[in-house]
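>>> have a look; sequence and predicted model below, questions after that.
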Amino acid sequence: MLIGARTPDEMTDAQRRVYDLIASGPRRDVPWPFLAMLDAPHLADAIQAVGAAIRFSGVITPELREVTILAVSGAFGSGYEWDYHVAIARDLKLSEDTIRASTTGDVAGLDPVHATIIRLCRGAVLERRVDQTLLAELVDQVGRQVASEVVTMCGYYQMLALFLSAGVLDHPVPAV
């Protein structure tokens, strides 16, 4: 591992402070992306705070949040994020068609909001831009605040996937 710290015994005091802060927060754990970013504790702290706001303080419904995360991780190819969030999605009773579409992009027959989110997120990852027509459609469907949260998650979960890659902590998305 060229960056980050895998175990608390190899952490500096600053790294351990952030590690403990994350572990004692709403996650009740320290997910792997945060281990990879611990060489910059001040950034790890700021990034984890953004993630906590996304996961625990937004107005987006849990179902739409998980559709968004799966679409980003599926398009990016982050198996760690996929595995972590597909379990949550299934607990929320998201359809297997929606879950599958998050990796394939085939949104035919899906709930229209799920389809729009998947198309927008996959475009953000694969084309590195937010399609304005899709964004307008999403704003019409869910409002500006939820649409803004979706765009935020598109960038945030790609950043986590990059840290997972840098820390050699990721694996490919399994076949669905």
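Right, received. Where do you want to start? Numbering: from 1, shown residues only.
>>> verify the stated contact: Ser78 with Pro174.
No - here Ser78 lies out of contact with Pro174, judged by CB atoms under 8 Å, at a distance of 11.5 Å. C-beta coordinates here come from the backbone N, C-alpha and C atoms, glycine included.
>>> what separates Val167 from Val18, distance-wise?
One correction, residue 167 is Gly, not Val. Remark: distance between Gly167 and Val18 (CB to CB, to the nearest Å) = 15 Å.
>>> what's the answer for Val176, then?
Separation of Val176 from Val18 (CB to CB): 34 Å.
>>> who's more crowded, those two?
For Val176 versus Val18, neighbours defined as other CB atoms under 10 Å are more numerous around Val18 (24 against 14).
>>> the host helix or strand of the more buried one: which residues count as buried?
Assessed by DSSP states H and E, Val18 sits inside helix 13-23. Within helix 13-23, the residues that count as buried by 16 or more other CB atoms under 10 Å are Gln15, Arg16, Val18, Tyr19, Leu21, Ile22.
>>> closest to Asp9 out of the residues you listed?
Asp9 has its nearest neighbour among those in Arg16, at 9.4 Å by CB to CB.
>>> hmm, that closest one is touching Thr7, no?
No - assessed by CB under 8 Å, Arg16 is found out of contact with Thr7, at 10.6 Å.
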